[in-house]
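Trainee: Pasting a predicted model and its sequence here:
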Amino acid sequence: MARKNIRYAVVGLGHIAQVAILPAFQHASANSELVALVSSDDTKLRRLGKRYGVTRLYDYEHYDELLASGDVDAAYIALPNHQHAEFTVRTAKHGVHVLCEKPLAVTERECLLSMIRAAETNGVKLMTAYRLHFERANLEAIETVRAGKIGEPRLFNSLFCMDVKEGDIRLRKETGGGTLYDIGVYCINAARYLFRDEPTEVLAMRANNDQKRFAETEEMMGGLLRFPGDRLATFICNFGTSFVARYQIVGTKGNLALDPAYEYALELKRHLTIGERENLKTYAQRDQFAPELLYFSDCILHNRDPEPSGWEGLADVRIVTALYRSAKSGKAVSIEPIEKTARPTMKQEIHRPAVRKPKLVKATSPSK
């Protein structure tokens, strides 16, 4: 492309867009520019447009007019899960590149036959917004395991829990809610990038208390993933407890833990234990969303395939849907792994300073 900056529309102005995506453009100005906002809420459009100096304001009904105008090169899809496929396809049909929040979609069919196919057919880039693929603590964890410092990695375990408010969209089945879609994908993705492999079999168990807020989706889900070489990964994600977001990978010589591991608004801490020696390293809070923008824009400008791609998003959605099938049947479910050629490395690390949390406009945090 001849241009130096990629012009973005942010589609969906909920909590994550307001606290993280919109502020990230100030740290991604080297090659990324926010030029349009899309929402069904006029108040959000008007007030956030004024705050960020954006004049192209569209509702969802007129989104295609924006795409056809030639005013945007890429769209960041920050809509509820069940709308990812529809808006990705709409975007790609106009030759506009797509950076889509995770999970990529709710079903494998939507990922592969709708989103990935639309991107390939229309010659656009599709990237799944896995921000930790650019974050130093997680990338250093990958390199530590790859270097053999903990010996042969044999097992992985993780807890990701939060107390989600009654009525939040994450608790609604029709919008693609549920623990696995919202936070379980982090645990699954971490196990995959630390083992650098794909699971072949999964087993799951769900549990609910009697609270009204969990009428449509589970309170918690536990998953067991078998990887080649008879390595096991386990995790539990929960929407009804205090906050925890940690993982640990254990090898034949030592173990490595990040606690917290998945959070974007806190400092992250790594505990590396080799034999009897333990080393603690703290990573200051940073902007984890600007790196996504910088990287994706660079892929567009230099015609490179992004990692994480749409196929990376599909790999996790396949595991999520298999886990739900397992929980329903009470039996283990086999998976035919997706063949992966690219995984995150330290070369993808991009550092930008933390952003201040802005004042929200008709949006609230999902947790209590």
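Mentor: Nice, thanks for sending it over.

Trainee: C-alpha only now, for contacts and for neighbours.
Mentor: Noted.

Trainee: Show me the shaky parts of the chain.
Mentor: Counting by pLDDT under 70, the chain contains low-confidence ranges at 1-3.

Trainee: So which residues of it form helices?
Mentor: 15-16, 22-24, 42-52, 63-68, 84-92, 108-109, 117-121, 136-146, 179, 185-195, 290-301, 310-329 (DSSP state H).

Trainee: and the last one, how far out from the chain's middle?
Mentor: Between the mean C-alpha location of helix 310-329 and the chain-wide mean there is a distance of 15 Å, by CA atoms, centre = their mean, to the nearest Å.

Trainee: Make residue 1 into 673 and carry on from there
Mentor: Done: numbering now begins at 673, and the last item shifts to helix 982-1001.

Trainee: Next up, phi/psi of T1036, please.
Mentor: Torsion angles at T1036 (phi, psi; degrees, to the nearest 10) stand at phi -130, psi 160.

Trainee: burial of the residue nearest to it when sequence neighbours are not counted, as a residue count?
Mentor: Distances taken as CA to CA, 6 or more residues apart in numbering put H687 closest to T1036, at 6.0 Å, once the chain neighbours are dropped. Close neighbours of H687, defined as other CA atoms under 10 Å, add up to 17.

Trainee: domain ranges for this structure?
Mentor: Here the chain is described, according to automatic domain parsing, as comprising the domains 678-803+961-979, 808-957.

Trainee: Can I get the ones you listed in CSV including distance to P1038?
Mentor: Below are the domains of the chain laid out as CSV (distance: least, CA to CA, whole Å):
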stretch, distance to P1038
domain 678-803+961-979, 8
domain 808-957, 6
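
Trainee: for the ones you listed, which one sits closest to K1003?
Mentor: domain 808-957 (6.6 Å; CA to CA).

Trainee: isn't I814 right up against A862?
Mentor: No - I814 is beyond contact range of A862, at 9.2 Å (criterion: CA atoms under 8 Å).

Trainee: Give me the phi and psi angles of the residue lying farthest from the centre of the chain.
Mentor: In the chain, the residue that sits farthest from the middle, by CA atoms, centre = their mean, is E948; the gap is 34.9 Å. For E948, the backbone dihedrals (degrees, to the nearest 10) come out as phi -100, psi 0.

Trainee: circling back: ok, I814 and A862, which is more surrounded?
Mentor: Comparing I814 with A862 by neighbour count (other CA under 10 Å), the higher total belongs to A862, at 25 against 20.

Trainee: Would you check how far apart the more buried one and Y919 are?
Mentor: Using CA to CA, to the nearest Å, we find A862 at a distance of 8 Å from Y919.

Trainee: Please produce a markdown table containing the helices of the chain, extended by distance to N829.
Mentor: Shown next, in a markdown table, are the helices of the chain (distance: least, CA to CA, whole Å):
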| stretch | distance to N829 |
| --- | --- |
| helix 687-688 | 26 |
| helix 694-696 | 31 |
| helix 714-724 | 40 |
| helix 735-740 | 42 |
| helix 756-764 | 29 |
| helix 780-781 | 25 |
| helix 789-793 | 34 |
| helix 808-818 | 14 |
| helix 851 | 16 |
| helix 857-867 | 8 |
| helix 962-973 | 26 |
| helix 982-1001 | 16 |
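
Trainee: Indicate which one of these is closest to Q883.
Mentor: Of the helices of the chain, the one closest to Q883 (CA to CA) turns out to be helix 851, at 15.4 Å.

Trainee: From the chain's centroid, how far away is the closest one?
Mentor: 13 Å.
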